[in-house]
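In: can't give you the sequence, but here's the structure:
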């Protein structure tokens, strides 16, 4: 029996290591932020991690084992089969490279190593114990990994503060570098990418890596990449708590600050609208800019315009239309095609030019205007900017268009999503003439307005799409209600999680020339199947 226990222990360790990888991955995905992880458990997928049938069955087995001899041959055999099946599934996933694992940074390696060592020590201790202990460990493993993460968090906070301090000292060595900070609920990355491309035609520019907008991401960019050759440093600044934007801006001391747009996307994390407006809304950045900096805002966003009213410094406003406010730059004759944008831009200086850019969707007009305005403030002419924009690639805007082997247009906007982005990308989808499909999960971290927001998204889906597939259950009912109110048939809005099933639905109903929008974090396997 002891030999059999060793085999059982090996199987148990294999499947337990899979779960260690998953929980470290989940913590890393949520940026080791307790609020984000907590919010995850309010979603259907999050609840499924702790309220599953498999977990209930293991609790039942624990009760059975406690009232048995512990090594009853039938119960042992049942447990052996369970762990054999779970181990085989993991091995299969490893061979297919489709299991969840963290990006192996130093922190993730340390947490995974310690998280993996604990089960080894535990199974050595448990070899002469009731097998219920193994089942009990399965149930509390998430708590154990979370305890490991939280135990080491203070040490990583100390390291983080040291990194921020080093970055603050290093950037002081380059007083002639002009720093541009970009914040907002949406549009940050695209604006940064556009501005980097434009300014690089005339200046030596360093910008933070794509989607690396945390305080550590900004600091590492300074420490690893900033040098005396750089003339401009562009930092994308994101936040999930009040005070984070201020912390970063106190390090980099921006001379120009851009607020791209604000919505309720991270309301659940900030805790209140006032906290959100302080961080992503730009108030913290504006406080630092007020002395001698320039604040640039999106005039089409009401929260940005409220910020301007509070600001006591030099400001600039960009907007698609100059009808209702005295903007510094605006557009005329916007044309949206399947593979590009074109528009005429005018400014207060009297400059006017036609801009042609290979990006998808009208929503990028705002981000482009912000970049054009800042480049103009730094001395570039509209002609120079127009030439630079020709080098922008569609992936810099976070959305790409490809034609798959069936001739279906696949619009990939799967990195992230927010309410304004969904609405804008549905507008872009309407450009296509044939049948239109959307595949999307419900949005997260919206707070108390989540239900209403999803209902509005559903209405827009009903106006634009022929069919919708929602990949998470949380606000499916609200999306469906909104879509039906706009005239969509109930049978045309579906809930489906499995990539293979979604792929079957799309290939069954979509034909060459139709368009499929992949919005937000849809299953990765689906993207591979469709493309």
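Out: Yep, that arrived. All values reported here derive from a predicted model rather than from experimental measurement.
In: just want the most central residue of the protein.
Out: residue 416 (4.1 Å; CA atoms, centre = their mean).
In: wait, isn't it in contact with residue 521?
Out: Yes. With contact defined as CB atoms under 8 Å, residue 416 reaches residue 521; the gap is 7.0 Å. For glycine as for every other residue, the C-beta is placed from the backbone atoms N, C-alpha and C.
In: which helix or strand contains the residue lying closest to residue 391 once chain neighbours are set aside?
Out: Closest residue in space to residue 391, ignoring its immediate chain neighbours: residue 197 at 5.7 Å, by CB to CB, 6 or more residues apart in numbering. Following DSSP states H and E, one finds residue 197 within helix 188-199.
In: same thing with residue 148?
Out: Per DSSP H and E: helix 132-171 holds residue 148.
In: residues in contact with residue 79?
Out: Contacts for residue 79 were tallied using CB atoms under 8 Å, 6 or more residues apart in numbering; they are 8, 61, 131, 134, 135.
In: same thing with residue 470?
Out: 440, 441, 442, 476, 479, 480, 493, 494, 495, 496.
In: which one (most neighbours) among those?
Out: Using other CB atoms under 10 Å as the neighbour test, the contacts of residue 470 are led by residue 479, with 28 neighbours.
In: and that one, how far is that from residue 41?
Out: 21 Å (CB to CB, to the nearest Å).
In: then residue 124?
Out: In terms of CB to CB, residue 124 sits 32 Å off from residue 41.
In: likewise for residue 446?
Out: Between residue 446 and residue 41 the computed distance is 15 Å (CB to CB).
In: who's more crowded, those two?
Out: Neighbour count, other CB under 10 Å: between residue 446 and residue 41, residue 446 has more, with 22 against 13.
In: for the more buried one, what are its contacts?
Out: Residue 446 sits next to 264, 265, 267, 268, 419, 453 when contact means CB under 8 Å, 6+ apart.
In: repeat for residue 389
Out: Per CB under 8 Å, 6+ apart, neighbours of residue 389: 194, 197, 198, 355, 356, 357, 368.
In: give me that answer again for 10 Å
Out: 194, 197-198, 201, 341, 353, 355-359, 368, 371-372, 375 (CB atoms under 10 Å, 6 or more residues apart in numbering).
In: now which of those would you call buried?
Out: 194, 197, 198, 341, 353, 355, 357, 359, 368, 371, 372, 375 (16 or more other CB atoms under 10 Å).
In: mind checking which helix or strand the closest residue to the first one other than its chain neighbours is in?
Out: It refers to residue 194. When the adjacent residues along the chain are set aside, residue 194 lies closest to residue 371, with 3.9 Å between them (CB to CB, 6+ apart). Taking DSSP H and E as the criterion, the element that holds residue 371 is helix 364-377.
In: that helix: which residues count as buried?
Out: Neighbour count says helix 364-377 has 364-376 buried, by 16+ other CB under 10 Å.
In: quick one: distance of the helix or strand following that helix to the chain centre.
Out: Using DSSP H and E, the helix or strand that follows helix 364-377 in sequence is helix 382-389. Distance of helix 382-389 from the chain centroid (CA atoms, centre = their mean, to the nearest Å) equals 30 Å.
In: same check on stretch 84-92?
Out: Relative to its parent chain, stretch 84-92 has a centroid offset of 30 Å by CA atoms, centre = their mean.
In: in it, what counts as buried?
Out: Those buried within stretch 84-92 under the rule 16+ other CB under 10 Å are 84, 86, 87, 90.
In: could those be laid out in TSV, adding secondary structure, pLDDT and distance to residue 402?
Out: As requested, these are exported to TSV (DSSP: H, G, I helix; E, B strand; the rest coil; pLDDT from 0 to 100; distance: CB to CB, whole Å):
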residue	secondary structure	pLDDT	distance to residue 402
84	helix	94	41
86	helix	92	37
87	helix	94	38
90	helix	94	32
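In: could you dump these into JSON lines with distance to residue 248 added?
Out: Output for those, formatted as JSON lines (distance: CB to CB, whole Å):
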{"residue": "84", "distance to residue 248": "50"}
{"residue": "86", "distance to residue 248": "43"}
{"residue": "87", "distance to residue 248": "45"}
{"residue": "90", "distance to residue 248": "40"}
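In: tell me the one among the residues you listed nearest to residue 432.
Out: residue 90 (41.0 Å; CB to CB).
In: the closest one - nearest residue in space that isn't next to it in sequence?
Out: Closest residue in space to residue 90, ignoring its immediate chain neighbours: residue 18 at 4.2 Å, by CB to CB, 6+ apart.
In: and the helix or strand encompassing that neighbour, what does it pack onto?
Out: Per DSSP H and E: residue 18 is located in helix 2-29. Packing contacts for helix 2-29, counted by 3 or more CB pairs under 10 Å, 6 or more residues apart in numbering; DSSP states H and E, involve helix 34-40, helix 44-50, helix 73-96, helix 106-125, helix 132-171.
In: could you pull up the mean pLDDT of it?
Out: For helix 2-29, the per-residue pLDDT values average out at 91.
In: please consider this matter closed, and thank you.
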